[in-house]
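[1] after the sequence you'll find the predicted model.
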Amino acid sequence: MGNRKEEYKPYIPANQIMPEFTLTSIIVGVLLAIVFGAANAYLGLRVGMTVSASIPAAVVSMGVLRVVLKKDSVLESNMVQTIGSAGESLAAGAIFTLPALFLWAEEGKTTVPSLVTISLISLCGGVLGVLFMVPLRNALIVKEHGVLPYPEGTACADVLLAGEEGGTSARTVFWGMGLAALFKFLVDGMKVVPSAIVAKMDSLKTMFSAQVYPALIGVGYICGIKIASYMFAGAILGWFVLIPAIVTFGGSTVLYPGTESIAQMYAAGGASAIWGNYIRYIGAGAVAAGGIISLIKSLPLIAVTFRDSMRGIRGGKKSGNLRTERDMDMRFVLIAMVVLLFAIWLLPSIPVSLPGALMIVVFGFFFATVSSRMVGLVGSSNNPVSGMTIATLLFSTLIIKMTGDTGIHGMVGAIAIGSVICIVAAMAGDTSQDLKTGFLLGATPRRQQIGELIGAVVSAITIGGVLLLLNHAWTFGSEALSAPQATLMKMITEGVMNGNLPWALVFVGIFIGVAIEILGIPVLPVAIGLYLPLELSATIMVGGIIRWFVERNSSGNEERKEASGGILFCSGLIAGEGLMGILLAVFAVLGVLDALDLSGVMNTGLAGAAVLLVVMVLCVLRFAGKKKTV
């Protein structure tokens, strides 16, 4: 698409006018923002990871606009995916932190956060993330074209330009959604199939387990064999090294935070009890180390990024007369930022003081700049948002503690600050990818920025309802929804504020992370595998193996195409399971979920779980092997 930015000509010339910011694109985009936002929230609360929705949103938008509505405007399809992907990004930022407030409420330390509180915190973070990117667009997207590849943004442009096959690609996504919803309903709705394959291994003082949920296979396929194997390696370290060691050497010892001997704990609860009391703290230390290491390694790039971006803003020209150069009015952007600053400070629903609000704006703009450039270089999946959030939480909790606000009120304030920053970083990364797609296609930046704001506002309103619904149905921190990232943020905040963490276990995890880094292996995926239950990482590994098998058996130019077909299908698996999870949560709240339970009449047992897992593997192989995809 051209490497010299001064000569780049977009697909749609600046002097050509075609439908872009239409009522249809807004409605379809808003629906996708709600769908992908809810699905990603559910996924993140289950496994602590989210996936980018930009490419699936682009595919679905083409399928709806071109095939169903018979419209033919690539810019209109681009607007749909711009608004739709905003929901996924805001949800990703929100579920990393906000469930900590629910966890404290479950412990009786505070009340359950209201819909207004969640939505306002999400709204402030989402809108700030978009606004911070307005002055950065010219510096990062235009001036750095040919330098910053923005992988997802470029891929989205390729997908939208391959519009002739949009119907086939969209059907692949919808097949994935339908099959995943069916499998999820069989497992968690009718409960005729167990949710996991479990094998106790008492001779080794541990157990092996693997869940049979389609979204986990989808995550593994999308992440690929490397990331999946790193996660599985972390799980092996936790469940086949550390747990057997603790049980073998612990014996009659009572080790904090446990309240009974390790032998009694293992006899009563098995390996899962050891994991819950000890391994998750070790894993938390490893995850924190991985996040901070990634941030430290990025510091030179962060410094250069911030310097170059500021120079770009100072030396940048104002919005030009050409349609493809028009950004939102900077006067509106600055006024909106000031209004949000005072809103964060003054609104009683957001428990943040004026220094906290100022901290949000300063940290937010800094990390928005970092996030935007980082995703431009290495893609959204390698953006160290968790590291930025951990650093913000450590700093903000220390500042709040120094002011004397050492109780639950101070911890809630620290989480609120961390939540806004996390959402800002996630939204800025997504907005920059979308603006790159628009730059390549010839979209109008101002309209895309307005579309991002619409997506952020709608997602902020709906994410509160999604979180309240899921917590009411299953409770965060439970086996069904462990909310691993938010639990980690809660532990860090409490540890800094109260000093009550089992620091020995945390430092074991930290030094495991350091050792992994010295070996030259990415710390975060290994640490996440150590932190999560084995049953999640094992199934994610299955998805990674399928991806490896598909690509190994592809040849030449077909390799990318076949992998893409699998990626679209697996994106559908994730969305379908997430939406069925939301629907089952509604049934649980209405009290009708028990009526669907047929486990007392028919339960296929482990054989049924194994068969379901095999069927899912075959389905992924079938769609990954299709020649006609994107």
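    Yep, it's here.

[2] was I right about residue 447 contacting residue 78?
    No: between residue 447 and residue 78 there is no contact under CB atoms under 8 Å: 9.8 Å. In short, each C-beta sits where N, CA and C put it, glycine included.

[3] who touches both of the two?
    By CB atoms under 8 Å, 6 or more residues apart in numbering, residue 447 and residue 78 have these common neighbours: residue 20.

[4] more neighbours: which of those two?
    With neighbours defined as other CB atoms under 10 Å, residue 447 and residue 78 compare such that residue 78 has more, 30 against 20.

[5] now do the same for the more buried one: its pLDDT.
    Residue 78 carries a pLDDT value of 92.

[6] going forward, begin numbering at 345 instead of 1
    All right, first residue 345 from here; so that's residue 422.

[7] may I ask which helix or strand encompasses it?
    Following DSSP states H and E, one finds residue 422 within helix 418-439.

[8] any idea how far that helix is from the chain center?
    Distance of helix 418-439 from its chain centroid, counting by CA atoms, centre = their mean, to the nearest Å, is 13 Å.

[9] could you do stretch 890-897 as well?
    Chain-centre distance of stretch 890-897: 25 Å, with CA atoms, centre = their mean.

[10] pLDDT below threshold where in the stretch 645-794 of the chain?
    Along the stretch 645-794 of the chain, segments meeting pLDDT under 70 span 645-664, 718, 721-728, 731.

[11] after the helix or strand of the chain with the lowest mean pLDDT comes which helix or strand?
    Lowest on mean pLDDT, DSSP states H and E among the helices and strands of the chain sits helix 643-659, with a mean of 62. For helix 643-659, the succeeding helix or strand toward the C-terminus, using DSSP H and E, is helix 674-690.

[12] which strands and helices lie in contact with that following helix?
    Helix 674-690 is packed against helix 459-481, helix 698-722, with contacts defined by 3 or more CB pairs under 8 Å, 6 or more residues apart in numbering; DSSP states H and E.

[13] quick check: angle from the next helix or strand after the longest one to helix 698-722?
    Spelled out, that is helix 698-722. Moving toward the C-terminus from helix 698-722, the next helix or strand (DSSP H and E) is helix 729-746. Comparing the axes of helix 729-746 and helix 698-722 via axes from the mean of the first three to the mean of the last three CA atoms, to 10 degrees yields an angle of 160 degrees.

[14] pull out the buried residues from the following helix or strand past helix 729-746.
    Proceeding N to C from helix 729-746, the next assigned helix or strand is helix 752-785, under DSSP H and E. Across helix 752-785, burial judged by 16 or more other CB atoms under 10 Å covers 754-785.

[15] now whatever helix or strand comes next after helix 752-785: buried residues?
    Next in sequence after helix 752-785, counting helices and strands by DSSP H and E, comes helix 789-818. Buried residues in helix 789-818, counted by 16+ other CB under 10 Å: 789-808, 810-815, 817-818.

[16] residue 574 is in contact with residue 865, correct?
    Yes: under the criterion of CB under 8 Å, residue 865 makes contact with residue 574 at 6.7 Å.

[17] neighbour count winner among those two?
    The neighbour count for residue 865 versus residue 574, taken as other CB under 10 Å, is higher for residue 574 (23 against 13).

[18] what sits against the more buried one?
    Per CB under 8 Å, 6+ apart, neighbours of residue 574: 865, 866, 869, 870, 873.
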